[in-house]
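Novice: Return atomic coordinates for the entry below.
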Amino acid sequence: MFYLSLFIACSFFLTGCSDSTTPPEQANKGDSEKSQSVINTEPNGCRRCHKVVQDKAHNFSCSSCHAGKESSNDQKDAHTDLISQPAHPASMVQSCGKCHPDQVTGTQQSIHFTLKREVNLVRKAFGAQKELDTLTQIPITDEPKTALQLADDLLRRRCLRCHPYSSGDPYPLVGHGTGCAACHMDFTNGSPTSHTFLKTPGDKQCLQCHYGNWVGADYHGRFEHDFNEEYRTPYITKDPITRPYGVEYHQLIPDIHQQKGLICVDCHGGAELMNSRQTKSIQCQDCHLQKSLEKSLPANVTEEEEKYFFFSKGDKKRHAIPLMRDPAHAASKDQITCQACHAQWAFNDTGTHLLRNDTRENDAFWRLTTQGSWEVEKILTYNLNSDYPTMAPIMVDKINGEKKKGIWHQGYVMRRWETVQLGRDTSGRISVMRPLLDLHLSWLDEEHKVRFDAIQAQSPDKGLQPYTPHTTGAAGMFYRQRLHDFYRLEEKKEETTERKQQGQQQEN
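Specialist: Numbers count the residues shown, from 1 in each chain. Have a look, this model is predicted:
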């Protein structure tokens with residue numbers, strides 16, 4: 001697959017030399033030339049060919065991490081047993097773990113690394129009886145016989161493009177490193193900007209995975225356009241290189257914390273994201289409820305003359321913390337999540353349809369060539385243009401890198417953000433809900449036989465799941481109406497249930 005080879009071979013740290021075949025062919029022209037910069041500051045070794053800028057903490061020989069033969073001036077000999085991606089999960093214990101054993105060990109078992117919550121949520125909805133410990137345990141099935149096996153194929157080849165085993169799609173602001181480098185190195189256009197490691201990842205690193213209509217993008221006020229071409233105008237762009245995250249997006253109001261200068265890791269630190277222990281995630285009241293602050297000050301929070309200030313890693317400034325003083329907070333008695341009132345908007349993508357297509361016929365998708373997937377987009381671009389040779393429907397397994405037949409198309413019944421849906425989470429609290437499991441899977445095999453036709457995930461309430469939109473703002477004048485509408489809807493459901501029960505009793 002073209003972009004896997006692009007990332008593996010594009011620069012010295014996580015890649016080598018680039019050979020882009022981006023449709024159109026000239027889309028990334030210049031990047032591969034730029035990556036071939038040659039300096040001769042040293043007569044021997046790797047730096048004869050590779051321009052490398054290292055930080056002080058990692059200023060040691062290239063072979064310490066990459067192996068190979070640094071003393072050789074012959075390229076083939078120098079690259080003997082070379083580890084092109086030492087930070088990859090397959091190598092990071094031997095490379096990064098030599099100096100950072102605790103961090104690497106913790107990371108390997110962290111929820112952010114294994115993605116077991118997301119994986120098990122989808123698999124359970126399609127019939128899984130047993131939970132997996134990590135994404136690498138997702139079974140491989142070449143010819144799915146059940147809905148679960150088809151869902152597993154979807155997860156491995158379409159969904160899991162943003163985990164530490166994959167370099168992601170080669171859109172300008174999406175391609176990233178693997179393993180430790182996914183968060184701790186800076187990438188642009190799929191190549192590292194330097195060999196300097198970041199102690200504190202910025203939002204740019206977070207958004208290389210948390211883009212599209214997922215948490216992270218909403219923090220910056222971004223809502224992805226529809227895939228359909230007619231619904232993307234007048235802000236439509238033909239050249240994929242001008243779409244930094246794969247699909248154009250509407251610019252909505254960002255989260256108030258983002259407006260003030262806070263970045264993702266100000267609230268979501270390494271202890272929460274990359275630790276094997278069940279670390280408690282930070283809650284709104286940890287910073288905004290005076291009782292909580294008096295009990296224990298969170299990191300980067302200080303108290304001065306009965307006022308509290310937060311120091312942001314993002315803008316390096318102190319921010320006065322507003323405290324929860326409105327009587328409405330006491331009235332809720334922990335029965336309502338903060339975002340139920342404070343979310344300004346939320347992702348609501350209803351009717352997500354995913355089709356595995358093993359044929360070369362793509363005429364039905366001529367309006368859906370923009371897919372948010374570089375692989376699918378490239379195949380559609382070629383196969384729908386008579387000037388290009390047709391391409392086989394091949395998609396790479398994002399965990400092991402193997403090519404498999406069939407590509408996964410994606411589409412939606414409707415994409416909206418205006419209505420913030422409410423429901424009750426597992427603890428009974430009123431929470432923002434999102435139709436995360438409103439999924440429908442289909443499969444058209446290479447003989448044009450429909451193997452599965454819109455198999456729906458088994459989830460109540462049309463796949464609604466508790467969700468925390470990062471679109472915080474003032475509750476405003478309409479939050480009471482939002483809650484009133486929810487309570488009224490619950491009353492109607494209870495009345496309907498009572499009538500059904502009474503009818504059943506009368507029949508008996």
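Novice: if I look at His210, how far off is Ala182?
Specialist: Distance from His210 to Ala182, counting by Cβ to Cβ, to the nearest Å: 12 Å. Heads up, the C-betas are built off the backbone N, CA and C, glycines and all.
Novice: what about the two, which has more around it?
Specialist: Neighbour count, other Cβ atoms under 10 Å: between His210 and Ala182, Ala182 has more, with 26 against 18.
Novice: my guess is that one meets Val174, correct?
Specialist: No. The criterion here is Cβ atoms under 8 Å, and Ala182 misses it with Val174 at 11.7 Å.
Novice: quick one: common contacting residues for those two?
Specialist: Gln208 (Cβ atoms under 8 Å, 6 or more residues apart in numbering).
Novice: what's the closest non-adjacent residue to Tyr171?
Specialist: Gly246 (4.8 Å; Cβ to Cβ, 6 or more residues apart in numbering).
Novice: So what's the predicted local confidence for Leu354?
Specialist: In this model, Leu354 is scored at 98, pLDDT.
Novice: what are the phi and psi angles of it?
Specialist: phi -130, psi 120 (degrees, to the nearest 10).
Novice: Isn't it up against Tyr412?
Specialist: No. Contact criterion Cβ under 8 Å: Leu354 and Tyr412 do not qualify, at 10.3 Å.
Novice: Next, count neighbours for Asp349.
Specialist: Neighbour tally, Asp349, other Cβ under 10 Å: 20.
Novice: and stretch 106-124, average pLDDT?
Specialist: On average, stretch 106-124 scores 92.
Novice: what's that stretch in contact with?
Specialist: By Cβ under 8 Å, 6+ apart, stretch 106-124 touches 89, 93, 128, 131-135, 138, 148, 151-152, 155, 159-160, 163-164, 180, 273-277, 436-437, 439, 457, 465.
Novice: at 6 Å instead, please
Specialist: Stretch 106-124 has contacts (Cβ atoms under 6 Å, 6 or more residues apart in numbering) with 131-132, 134-135, 163, 273-276.
Novice: if we take those residues, which one ends up nearest to Phe227?
Specialist: Among the contacts of stretch 106-124, His163 lies closest to Phe227 (Cβ to Cβ), at 22.6 Å.
Novice: and the closest residue to the closest one other than its chain neighbours, how many neighbours?
Specialist: Nearest non-adjacent residue to His163, counting by Cβ to Cβ, 6+ apart: Leu115, 5.7 Å away. Number of residues near Leu115 (other Cβ under 10 Å) recorded here: 21.
Novice: Roughly how far does His257 sit from Gly314?
Specialist: Taken as Cβ to Cβ, the span from His257 to Gly314 is 10 Å.
Novice: Likewise for Ile430?
Specialist: 31 Å.
Novice: Neighbour count for those two, which is higher?
Specialist: Set Ile430 next to Gly314 and count neighbours by other Cβ under 10 Å: Ile430 wins out with 22 against 17.
Novice: pretty sure the more buried one is in contact with Cys341, am I right?
Specialist: No. Using Cβ atoms under 6 Å, Ile430 is not in contact with Cys341, being 9.1 Å away.
Novice: Using the three-state scheme, assign Gln501.
Specialist: On the three-state scheme (DSSP: H, G, I helix; E, B strand; the rest coil), Gln501 is labelled helix.
Novice: count of neighbours near it?
Specialist: If you count neighbours by other Cβ under 10 Å, Gln501 ends up with 10.
Novice: still on that earlier bit, quick one: buried ones out of the contacts of stretch 106-124?
Specialist: Among these, those scoring as buried are 132, 134-135, 163, 273-275 (criterion: 16 or more other Cβ atoms under 10 Å).
Novice: How are the helices of the stretch 301-450 of the chain distributed by residue range?
Specialist: Assigned by DSSP state H, counting those that start in this stretch, the stretch 301-450 of the chain shows helices spanning 327-332, 338-342, 374-383.
Novice: can you tell me which of those helices comes nearest to Ile236?
Specialist: That would be helix 374-383 among the helices of the stretch 301-450 of the chain, by Cβ to Cβ, at 14.0 Å.
Novice: List the neighbours of that closest one that are in contact with it.
Specialist: Against helix 374-383 from outside (Cβ under 6 Å, 6+ apart): 3, 23, 169-170, 362, 365, 369, 371, 388, 390-391, 395, 407.
Novice: right, and out of these, which lies closest to Lys76?
Specialist: Tyr3 (25.0 Å).
Novice: wait, isn't Tyr412 in contact with Asn348?
Specialist: No. Counting by Cβ under 6 Å, Tyr412 stays clear of Asn348, with 10.1 Å between them.
Novice: Compare those two and say which is more crowded by neighbours.
Specialist: The neighbour comparison of Tyr412 against Asn348 (other Cβ under 10 Å) goes to Asn348, with 22 against 18.
Novice: Can you report how many residues neighbour the nearest residue to the more buried one once chain neighbours are set aside?
Specialist: Using Cβ to Cβ, 6+ apart and skipping residues adjacent in sequence, the residue nearest Asn348 is Arg416, 4.7 Å away. Counted with other Cβ under 10 Å, the neighbours of Arg416 add up to 13.
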